[in-house]
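S.K.: Quick check, what structure comes out for this input:
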Amino acid sequence: MISRRAGFGPTLRTAGLCAAALAMLASPLAATAAPPPGGDAARARMTVPAARKAGRLPRIEGVAGRPLVVIDAGHGGHDPGALASWDGGLREKDLTLKLAREMRDRLLASGRVRVALTRDRDEFLILQERFGIARRLGADLFISVHCDSAENQGASGASIYTLSEVASDREAARLAARENKADILAGVDLADASADISSILIDLTQRETMNASAGFARLLGREAKPLVPLKPNYHRMASLMVLKAPDMPSILFETGYISNEDDAKRLNSDSGRRALAESVRRAVEVHFARRLAAR
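M.R.: Down below sits the predicted model:
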């Protein structure tokens, strides 16, 4: 069971189908249903993907008792993510790790929150492991950091995604399709299994969680606007696997376009990373101050 601190995270419904479906989401496993009347010969069987062995949890840094923010550096290991066509040496996985570390350091310096990174080195994690780590740690907020890419090298600006089964626009649908393919690169395709519970998942995701995610996305956009170039419609929605934890506010932060030379140079600069990290720090502090005041 995941312990949640009052005022910082929503409370899960734990009865009947809700608990069963959440258990499958947190740790997929092969399950056999109870035999119906008539004996073992009539036993019904339901198979879902075998559970992956739980890895070691990352270290949590910060003052005990503070809210926990888990930052996820997108891609990693054999999955480089998007590549800069104008600079073959620039890879999304490297930029996201640098950004995640900068965000962690800026948040820890504030003393207001605890922070953990899903990865602090060049390693591959499947999408379910990423939000699974955050859930196992009891995170109060999950931020997945990415860099966008487009055939049109003029496309630029940061955007912030929250979960929805229906994409807010064509570009959001395109991004979701690209990001959700990350696991297939490792020969792990859980798309069919997740589709089986996707409709249940949205029902299970409490309105408080969905509202908190959208609220934080708007807050981050507000704090980032003076510091970071944003797309005009910066808050977007899509069915992104990495955001499908039902019990913690989650966003995916597309920090800019690696396919755009100006954006990529900013993302790869100390000043650019500091600006993004500062926008996250400001938004996080306001987010938790509001939640504390509402207790």
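S.K.: and stretch 151-168, which residues are buried?
M.R.: 153, 155-164, 167 (16 or more other Cβ atoms under 10 Å). Any C-beta I mention is one placed from the backbone N, CA and C, and that applies to glycine too.
S.K.: Please list the members of these that lie in strands.
M.R.: Judged by DSSP state E, the buried residues of stretch 151-168 include 158-163 as members of strands.
S.K.: could you dump the buried residues of stretch 151-168 to JSON lines with distance to K98?
M.R.: Below are those laid out as JSON lines (distance: Cβ to Cβ, whole Å):
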{"residue": "Q153", "distance to K98": "22"}
{"residue": "A155", "distance to K98": "22"}
{"residue": "S156", "distance to K98": "19"}
{"residue": "G157", "distance to K98": "19"}
{"residue": "A158", "distance to K98": "15"}
{"residue": "S159", "distance to K98": "19"}
{"residue": "I160", "distance to K98": "19"}
{"residue": "Y161", "distance to K98": "20"}
{"residue": "T162", "distance to K98": "24"}
{"residue": "L163", "distance to K98": "26"}
{"residue": "S164", "distance to K98": "29"}
{"residue": "A167", "distance to K98": "29"}
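S.K.: would you turn those into TSV with distance to F216 and pLDDT?
M.R.: Formatted as TSV, those follow (distance: Cβ to Cβ, whole Å; pLDDT from 0 to 100):
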residue	distance to F216	pLDDT
Q153	30	93
A155	24	96
S156	23	97
G157	19	98
A158	15	98
S159	14	97
I160	8	98
Y161	12	95
T162	8	94
L163	12	87
S164	15	76
A167	20	55
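S.K.: Least confident secondary structure element in this protein?
M.R.: When each helix and strand of the chain is scored by mean pLDDT, DSSP states H and E, strand 45-46 comes last, with a mean of 32.
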